[in-house]
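Asker: Just the structure for this:
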Amino acid sequence: MLGRRSGWTVLGIGLSVAMLSCGGDSSTAPIDTELLIAPQQIALTDAHPIDTVFLSATPQNAELDWQIAAKPDWVTLSPESGRIRGSVVAVEISAPQLETMEPGGMYGTIEFIANGGQAAIPISAMVKANPVLHLSSASVTVPATNDTALVTVSNAGRGPLTWSAVSSTSVVTVPSSGTLTTGKDTVVKIVANKEPLPVGTATAQVTFKSNQAAGDVTLPVSIIVPPSPVALLSVARLVYPAGVTSRSVWLRNSGKGALHWSASAAAAWGTVSPTSGTLAVADSTELTVAVDRAAAGSSDVASTMTITSDAVNGAQSARLEVTGATGLPLGLTVLDYRVVDAEYSPASGLLVAVSADPDQLAIIDVETGRTATVSLALPPACVAIQPDGRYAAVCHNGNVSYVDLESKQVVRTYPVTTDALDAVLPGNGWVYVFPRRDQWESIRNIDLATGVETSAATIYAGALARLDHTGTAIYVPTMGLSPSSVDKFDISHGVARGLWSSPYWGEHSYGNLWLGESGARMYAASGEVFWASSSRTQDMYYAGSLVGSGTVYGATDSERRGRAYVVSADGSHGLRVYDTQYLAFKGVAPLPTFSSPGGAVAADGRFVFSNPSGERVYVLERAIPGSGLAKDWGLAVLDANALP
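Answerer: Numbering: from 1, shown residues only. This is a model prediction of the structure:
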């Protein structure tokens, strides 16, 4: 018979034994022998993978032979058979698979048999999800030799581990999140932007958040910032027109740590003074480069001046050109085309402008006065010039033309998945294209080596972007939105990625932007001025306003002259001049007028540029509406010494 007694599972078995009667007669009577099993069920977990059942017999002195008749294949029992002789037998039950099993449950039954009878108890095994985030290192160091460090994130527990990483500072970036199944790992690259950091060791923290029970894990990050002076020449080309025998160029240390340098001219007809020196961080020095025109022996001859130093960007050089050309004349030169967009490279002295009807790129050498044109296959929407003046990018609807300004030809046309309004060409092997329409859009990042386009970084369509002075970031205003703002994107690793936004939201207006010569000031179409910096705590903060300017069409400044030059909708038909120290208004210089049969026609400036020496200001101007002139665009060359 089967039954229950005091929490035990009972297996009853009838046995025959010999009994003696009072009269001495013997007879046979059945005696019930019972197998008792406790507990009545087994529940194993990954935390408690082993349990015990106890077997006994009643009456107490009964003997029973027992064994396991059936069990799940994931269960191990020890022992699996035996004999009960008046004492309790312990049977250990375990589930070895719990050590490697994913979260979940297993169920089954253990069957016992003894001397012809049987009984069963249910058994279950349960593994709970318990992911554990493990880092391969307790801390990491970004070494002096590069800008990355690696750490392996692994799931040392069981069940899916969902994680995310947050940096304590904007100079350190990490992948945002991920998911790891049991036993899996991934390598996380920690990237440090050393540009705004001083020489020495900087510290940061990356916090890994996850669904593990233990909570967040913090990874200390040390960033080794070595001395890294950067040598920059103010120009890449020195031209000596007729009658000119001496020019100046400025060498600047824009890196970290002292710059030790020396200078020499390759040709015997060129000399440099001084020939060597040391520059502290952010300091600059003026070099005088003279040429002996008689020794040069020709009206058109070229050579180089080279700066060797311990700069991380290697040797710098400037091309020396002795020419019989006289340069662009002061005053107005009327153009045969209508300008769509224009940019200027102070390093090369080239001003480039694109026009439609005819579709072309005009190259104006403001140093020699020589001009050239490059035919374009499509109507242009914008032009971007590489800082060194070697190449230009012309954007179209669905394409970008890449132009070699030295050979004066389109060397490649790249397809782009947008109607391009603007482009930036930093000289880092990429061109960044900005959509004309469709509201929230993405920057199109084109690898010039492969032609592969990557869409990344959300912007508002219709923006005109500007390259910062380091060449490693782009400012993009949210034009067409109110309130307006400015977003900054890092391009130091190719594809643009977000850095930060302007600190204001509604307090100030922006619109189109122009950066000053040193890159320290940002002039906005609203007439307001902001600081520009590699440091987030200083970047895009209000620095003043251009009083009386109205809507600004173009702005530039000359640090050596201490003047800012602005063309705007102020109704004056002139060039507005401000002091760069306090932005004090200095006056308006009238722009040259166009000639017509009816008399002089006033013009408004649309683009303005200043050359590195601060001696010349170039204004692309257009005759006022309604003039009726067939040629209503011109290039005005102004003598900065004659300006307010």
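
Asker: From the chain's centre, how far out is stretch 390-402? Work that out for me.
Answerer: Centre-to-centre, stretch 390-402 and its host chain are 23 Å apart (C-alpha atoms, centre = their mean, to the nearest Å).

Asker: Return the set of buried residues in that stretch.
Answerer: For stretch 390-402, a neighbour-count test (16 or more other C-beta atoms under 10 Å) marks 390-396, 399-402 as buried. The way it works is simple: take the backbone N, C-alpha and C, and place the C-beta from them, glycine included.

Asker: Turn the residues you listed into JSON lines, including pLDDT.
Answerer: Shown next, in JSON lines, are the buried residues of stretch 390-402 (pLDDT from 0 to 100):
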{"residue": "Arg390", "pLDDT": "94"}
{"residue": "Tyr391", "pLDDT": "97"}
{"residue": "Ala392", "pLDDT": "98"}
{"residue": "Ala393", "pLDDT": "98"}
{"residue": "Val394", "pLDDT": "98"}
{"residue": "Cys395", "pLDDT": "96"}
{"residue": "His396", "pLDDT": "96"}
{"residue": "Asn399", "pLDDT": "97"}
{"residue": "Val400", "pLDDT": "97"}
{"residue": "Ser401", "pLDDT": "98"}
{"residue": "Tyr402", "pLDDT": "98"}
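
Asker: In strands, which of those residues fall?
Answerer: The members of the buried residues of stretch 390-402 that map onto strands under DSSP state E are 391-395, 399-402.

Asker: Looking at those residues, which two lie furthest apart in space?
Answerer: Greatest spatial distance in these: Tyr391 and Asn399, 16.0 Å, computed using C-beta to C-beta.

Asker: Relative to Thr52, which of the ones in strands among the buried residues of stretch 390-402 is nearest.
Answerer: The closest of these, once distances to Thr52 are taken by C-beta to C-beta, is Val400, at 76.5 Å.

Asker: Tell me what that closest one is bridged to.
Answerer: Here Val400 sits in beta bridges with Cys395, Tyr414, going by DSSP bridges.

Asker: distance of it from Arg247?
Answerer: Distance of Val400 to Arg247, given as C-beta to C-beta, to the nearest Å: 35 Å.

Asker: just Val301 next, same as before
Answerer: From Val301 to Arg247 the distance is 15 Å (C-beta to C-beta).

Asker: so who does Gln205 touch?
Answerer: 167-168, 218-221 (C-beta atoms under 8 Å, 6 or more residues apart in numbering).

Asker: Just the buried residues of the residues you listed.
Answerer: The neighbour-count criterion (16+ other C-beta under 10 Å) marks 167, 219, 221 among the contacts of Gln205 as buried.

Asker: Might one say that the last one is in contact with Val206?
Answerer: This means Val221. Yes - look at Val221 against Val206 with C-beta atoms under 8 Å: they come within range, at 5.9 Å.

Asker: ok, of the contacts of Gln205, which one's closest to Ile491?
Answerer: Looking across the contacts of Gln205 and measuring by C-beta to C-beta, the closest to Ile491 is Ser167, at 19.2 Å.

Asker: The closest one and Ile474: what is the separation?
Answerer: From Ser167 over to Ile474 the distance is 21 Å, taken as C-beta to C-beta.

Asker: Kindly report the same for Val486.
Answerer: The separation that Val486 has from Ile474, given C-beta to C-beta, amounts to 10 Å.

Asker: for the protein, which residue is closest to the average position?
Answerer: With distances taken as C-alpha atoms, centre = their mean, Arg497 lies nearest the centre of the chain, 3.1 Å away.
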